[in-house]
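Engineer: just to be clear, the model below is a prediction. Sequence and coordinates:
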Amino acid sequence: MDSIVVTGNGPLSGQIPIAGAKNACLTLMPATLLSDEPLTLTNAPRLSDIRTMTALLESLGAEVQSLQGGRVLAMSSHDLTNLTAHYDIVRKMRASILVLGPLLARHGQAVVSLPGGCAIGARPVDLHLRALEAMGAEMELRDGYVHARAPGGLKGGEVEFPFVSVGATENALMAATLARGTTVLKNAAREPEIVDLAVCLNAMGARIEGAGSSTITVEGVDSLHGATHPVVADRIELGTYMLAPAICGGEVELVGGRLDLVAAFVEKLGEAGIEVAETEAGLKVTRGDGRVRAVDVVTAPFPGFPTDLQAQMMALLCTAEGVSRLEERIFENRFMHAPELMRMGAKIDVHGGTATVTGVERLRGAPVMATDLRASVSLILAGLAAEGETVVNRVYHLDRGYEHVVRKLQDVGAKIERIRGQ
Ligand code: EPZ
């Protein structure tokens with residue numbers, strides 16, 4: 001297994017390009033199953049999760065051509081050969097469940113393995129199933145698989161989510177585009193990835209209104225045609241790299257960054273004393289002299305503070321002046337980076353869903369273990385400003401969500417390299 005070696009190397013400066021959003025691409029790709037015409041995605045990120053979704057779509061008989069070094073995905077599901085998403089692929093990536101809604105909507109049936117949990121929590125899919133049942137689908141759970149049928153096709157219905165679920169909103173939204181009649185999704189997720197999906201589906205001929213708000217209305221249509229759609233910028237990659245100059249000092253411009261994608265996060269950075277300015281090319285982050293100020297963070301569905309930036313923010317607050325409280329309200333086990341940060345000298349007290357961080361002057365480099373995608377990058381961020389060398393092990397987690405993380409950070413002056421494992 002590869003590892004990444006980071007050595008504190010002072011302030012950073014330069015530009016980091018922001019790629020297309022992993023979590024947008026992972027719901028845009030299954031949308032190809034809704035049409036027998038080609039769907040092409042541009043600005044696609046080059047990540048192992050995208051390769052996993054490609055393998056899943058190909059296992060169904062769809063075609064996925066990766067062009068321009070993976071930046072363009074030309075897809076077609078004209079000739080599906082099977083409607084079963086097998087466990088051996090689904091277990092690698094939870095987002096595989098997002099083929100369920102499209103397969104049901106267009107083919108009236110689907111067999112999809114239950115994804116199972118992951119490091120950050122049980123992550124059930126009950127809201128996905130209930131939403132599709134509200135559109136007339138019959139669901140049967142058997143041998144670890146969801147056996148879904150909609151013999152006469154899906155029909156429009158009212159779906160009220162008991163709490164916000166990004167994936168369940170995406171599955172229901174895709175299914176509703178081909179359901180007979182009107183579907184109303186209430187308490188829908190408002191993430192930019194939902195808006196991006198709606199823009200793509202409408203470009204394919206869907207009739208969606210209200211994406212980005214809590215209530216989305218969909219008029220079903222008989223069929224969808226092909227389209228070409230640019231994947232929205234990755235707000236989590238953006239926020240992650242904004243923290244590099246925040247932690248190390250200096251000034252870095254995030255090319256392609258959009259303020260509207262990270263407003264709550266930028267507000268918190270401001271409270272901590274980090275300056276963020278919009279530029280022609282994106283966002284510029286500047287940290288002057290002096291220590292960062294402690295701040296309190298509560299994760300929430302968009303437009304609140306993103307749970308996917310909680311681990312990275314904790315890395316910043318480990319060396320802030322004062323005591324910060326981070327409350328994780330989306331997932332039940334998303335503080336696994338805390339013990340690793342404590343190996344670097346951080347003072348963190350975790351009780352249930354709240355982590356209390358008492359800032360220290362400086363962290364010290366140490367060998368640490370990546371446990372999940374976002375935790376792994378928070379350890380790299382901590383290592384950028386720590387005294388001495390940090391070795392982050394099990395970096396395969398990183399490859400799921402960050403393309404060329406070593407090169408992007410080297411380009412702004414970080415002392416970081418990837419060591420090939422045996
Ligand atoms: C998406 O996961 C993202 N993944 C996650 O990013 C992100 O953390 C999450 O949304 C929240 O923003 C993708 O888009 C591929 P949820 P998702 O359904 O859709 C519970 C990353 O690092 N829940 O909004 O799975 C669930 O357990 C990943 O890129 C149910 O109980 O998240 C969680 O506690 C990590 N039943 C909460 O709701 C359900 O049917 C929110 O989950 C569905 C979810």
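Structural biologist: Yep, it's here. Being a predicted model, the structure only gives us computed values, none of them experimental.
Engineer: contact residues of this structure facing the ligand?
Structural biologist: 22-23, 26, 94-95, 121, 123-128, 165-168, 307-308, 330-331, 373-374, 401 (C-beta under 6 Å from any ligand atom). For the C-beta atoms, the positions are set from N, CA and C on the backbone; glycine is no exception.
Engineer: can you flag which of these belong to helices?
Structural biologist: Using DSSP state H, the subset of the residues of the chain next to the ligand located in helices is 22-23, 26, 126-128, 166-168, 373-374, 401.
Engineer: quick check on these: which are buried?
Structural biologist: By neighbour count, with 16 or more other C-beta atoms under 10 Å, those hold 22-23, 26, 127-128, 166-168, 373-374, 401 as buried.
Engineer: Throw those into CSV and include pLDDT, thanks.
Structural biologist: Written out in CSV, the entries for these read as follows (pLDDT from 0 to 100):
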residue, pLDDT
22, 98
23, 98
26, 98
127, 96
128, 97
166, 98
167, 98
168, 98
373, 91
374, 93
401, 92
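Engineer: between those, which sits nearest residue 355?
Structural biologist: Distance to residue 355 across those (C-beta to C-beta) is lowest for residue 374, with 14.0 Å.
Engineer: how about that closest one: what's its closest non-neighbour residue?
Structural biologist: Counting by C-beta to C-beta, 6 or more residues apart in numbering, the nearest residue to residue 374 once its immediate chain neighbours are dropped is residue 311, at 4.6 Å.
Engineer: check contacts around the closest residue to residue 196 other than its chain neighbours.
Structural biologist: Take residue 196 and drop its neighbours on the chain: the residue closest to it by C-beta to C-beta, 6+ apart is residue 232, 4.1 Å away. Contact analysis of residue 232 by C-beta atoms under 8 Å, 6 or more residues apart in numbering lists 20-21, 24, 192-193, 195-196, 261.
Engineer: which of the residues you listed tops the neighbour count?
Structural biologist: Using other C-beta atoms under 10 Å as the neighbour criterion, residue 24 leads the contacts of residue 232 with 30 neighbours.
Engineer: dump the residue contacts of that residue.
Structural biologist: 192-193, 196-197, 231-232, 234.
Engineer: ok so, going back, I'd like the mean pLDDT over the helix or strand that the residue nearest to residue 374 is a member of, please.
Structural biologist: Here residue 311 sits within helix 310-317, counting by DSSP states H and E. The average pLDDT within helix 310-317 is 98.
Engineer: quick one: residues in contact with whichever helix or strand comes after it.
Structural biologist: Sequence order places strand 323-327 as the next helix or strand after helix 310-317, per DSSP H and E. Outside strand 323-327, the residues that touch it by C-beta under 8 Å, 6+ apart are 294-299, 310, 313-314, 317, 353-359.
Engineer: now the residue located most distally from the centre of the chain: phi and psi?
Structural biologist: In terms of distance from the mean C-alpha position of the chain, residue 152 ranks first, at 34.3 Å (C-alpha atoms, centre = their mean). The phi and psi values for residue 152, taken as degrees, to the nearest 10, are phi -90, psi 20.
Engineer: show me what contacts it?
Structural biologist: 108, 136.
Engineer: likewise for residue 33?
Structural biologist: 57, 60, 62, 77, 80, 99, 102-103, 106.
Engineer: sort out for me which of these are in helices.
Structural biologist: Those of the contacts of residue 33 lying in helices (DSSP H): 57, 102-103, 106.
Engineer: for those, give me CSV that also has pLDDT and distance to residue 247.
Structural biologist: Output for those, formatted as CSV (pLDDT from 0 to 100; distance: C-beta to C-beta, whole Å):
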residue, pLDDT, distance to residue 247
57, 98, 38
102, 98, 40
103, 97, 43
106, 96, 46
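Engineer: mind listing the strands for the stretch 301-422 of the chain?
Structural biologist: Using DSSP state E, counting those that start in this stretch, the strands of the stretch 301-422 of the chain run over 323-327, 347-351, 354-358, 367-369, 389-393, 415-419.
Engineer: would you mind giving those as TSV with mean pLDDT added?
Structural biologist: Shown next, in TSV, are the strands of the stretch 301-422 of the chain (pLDDT from 0 to 100):
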stretch	mean pLDDT
strand 323-327	98
strand 347-351	98
strand 354-358	98
strand 367-369	96
strand 389-393	96
strand 415-419	97
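Engineer: mind putting those in JSON lines, distance to residue 158 included?
Structural biologist: As requested, the strands of the stretch 301-422 of the chain are exported to JSON lines (distance: least, C-beta to C-beta, whole Å):
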{"stretch": "strand 323-327", "distance to residue 158": "32"}
{"stretch": "strand 347-351", "distance to residue 158": "39"}
{"stretch": "strand 354-358", "distance to residue 158": "36"}
{"stretch": "strand 367-369", "distance to residue 158": "46"}
{"stretch": "strand 389-393", "distance to residue 158": "47"}
{"stretch": "strand 415-419", "distance to residue 158": "50"}
